[in-house]
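**Student:** Build the 3D model from these lines:
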Amino acid sequence: MRMTWNNIRRIGPGKDIEAGMENQIRTGNRAMVLRPAAVVMCMWSLQLAAQVTSTTYADLDARKMVDASYATRSFMGAAAGFAIDGEFVWQYAVGLSDASDSTLFQSNTRTRIASIAKPMTAIATMQLVERGVLDLDVPVQIYLPEFAVKKEGVVTTRQLLQHTAGIGEYATAKERENQVHYTTLLDAIDIFKDRDLISVPGVEFNYSTYGYVLLGAIIEKVSGQTFTAYMQSHIWDVAGLQDTGVENGREGHAALYHSNDKGKISGSKITDLSDRIPGGGFYSTLTDLLKFGNAVLDGSLISAESLAVMLKDPGIKTDGNGYGLGWYLFGENPKYGNVFGHNGSQTGASTFLMLLPEQHTVVAVVSNTSNALPAVSALTVALFDPAAITKAQR
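**Tutor:** Purely as a prediction, here's the structure:
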């Protein structure tokens, strides 16, 4: 049974913080009701930073939603906003980017975006398909012979995009909280390339960030550029993203925090993301994520036909939301039509990007705190209404 858009459900125990924290939102009649968080009357609920473009009812309502979420002590700092018809209409930030020196969180604060890297990498893959230099359905060894043929079956690029290739996730907690620096994507692939697949390719959905590392290496082989160079010139520059890139050091970025289930927030140990760059190794800002969403909807990055291919549900993922090629498929919202997007959670980050193509609207929330994805997810969906009101007033 699909879930109503007033409901939210978490996937059952995941294999890593990214996979296990991917919230699922659907249409239907079951699961927990998503309710606004109660406002806590204390200094914690103090609004510390904001960037707004209007003082309309919708703007005030949206700000109240963000403040209420912040008051639950789910995150140290966060920024939320929406773009309509390609324009930045509303952005707002609360809390701290770095508590050690009371640096405020802003809409242009650079923070980890975790698995929102995946749709960016997926779009880069589809660009190469459009150019006719990459076939989604041939064995990956055609492009990446370093990845050995597996006894369980043939792995294709399409399967990697869909998380149906049978590639596993982090084998240990130490691997999940990586401290080793890998110079190249091929070095990172050495972590898992000799492991057996966990399912026959094309049969089961098994969320895998490592599968996206393989995609990054394929992009390098096919394009003749490093993965970072390709993303810069063909994705980030084209979409006008000025504060997005591969994390390589922490200077100028939000500090990393974790919120426990009792609302206590503490600093997180810095992890090295070089083992997962194409699937979870980018930093960005609220503003840049809204730009990225705009570029997806307006056809700046790939054609409408290619986007339609990405949004086709293969029908393999049977629990929760469907998954296309790099996008979660959230289904038909009864008020606003089709919704797709991606969320992410890793050490020091909980993020959500949702696109409403029929409304020409992009909604995003970023935070610098892990274990905050339930609050971030609820807030992202709650902002649909003020975005719609704002659109109607334009």
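
**Student:** contacts and neighbour counts: CA atoms only from here.
**Tutor:** Will do.

**Student:** what does the host helix or strand of residue 221 contact?
**Tutor:** Element membership of residue 221 [criterion: DSSP states H and E] is helix 209-223. If you take CA atoms under 8 Å, 6 or more residues apart in numbering as the criterion, helix 209-223 is touched by 118, 121, 124-125, 128, 133-134, 140, 143-144, 157, 160-161, 163, 165, 167-169, 185-186, 188-189, 192, 225-227, 230, 275-280.

**Student:** going on from that helix, what's the next piece of helix or strand?
**Tutor:** Defined by DSSP H and E, the subsequent element after helix 209-223 is helix 227-231.

**Student:** Run the chain-centre distance for the helix holding residue 221.
**Tutor:** 18 Å (CA atoms, centre = their mean, to the nearest Å).

**Student:** Show the buried residues in the contacts of helix 209-223.
**Tutor:** Among the contacts of helix 209-223, the ones that count as buried by 16 or more other CA atoms under 10 Å are 118, 121, 124-125, 128, 134, 140, 143-144, 157, 160-161, 163, 165, 167-169, 185-186, 188-189, 192, 226-227, 230, 275-280.

**Student:** related to what we said a few turns ago, quick one: buried residues of the helix holding residue 221?
**Tutor:** So for helix 209-223, counting by 16+ other CA under 10 Å, buried means 209-220, 223.

**Student:** quick one: contacts for the closest residue to residue 288 other than its chain neighbours?
**Tutor:** With sequence-adjacent residues excluded and distances taken as CA to CA, 6 or more residues apart in numbering, residue 288 is closest to residue 241, at 5.2 Å. Counting by CA under 8 Å, 6+ apart, residue 241 touches 288, 291, 292.

**Student:** how far away is the nearest residue to residue 275 once chain neighbours are set aside from residue 260?
**Tutor:** Excluding its sequence neighbours, the residue lying closest to residue 275 (CA to CA, 6+ apart) is residue 188, at 4.9 Å. Distance of residue 188 to residue 260, given as CA to CA, to the nearest Å: 30 Å.

**Student:** immediately after the helix or strand that contains residue 174, which helix or strand?
**Tutor:** Using DSSP H and E, residue 174 falls within helix 173-176. The helix or strand immediately downstream of helix 173-176 is helix 185-189, counting by DSSP H and E.

**Student:** helices or strands next to the longest strand belonging to the chain in the packing?
**Tutor:** Looking across the chain with DSSP state E, the single longest strand is strand 87-98. Here strand 87-98 touches helix 57-71, strand 77-84, strand 103-104, going by 3 or more CA pairs under 8 Å, 6 or more residues apart in numbering; DSSP states H and E.

**Student:** Take those and write them to a markdown table, including mean pLDDT.
**Tutor:** Output for those, formatted as a markdown table (pLDDT from 0 to 100):
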| stretch | mean pLDDT |
| --- | --- |
| helix 57-71 | 93 |
| strand 77-84 | 98 |
| strand 103-104 | 98 |
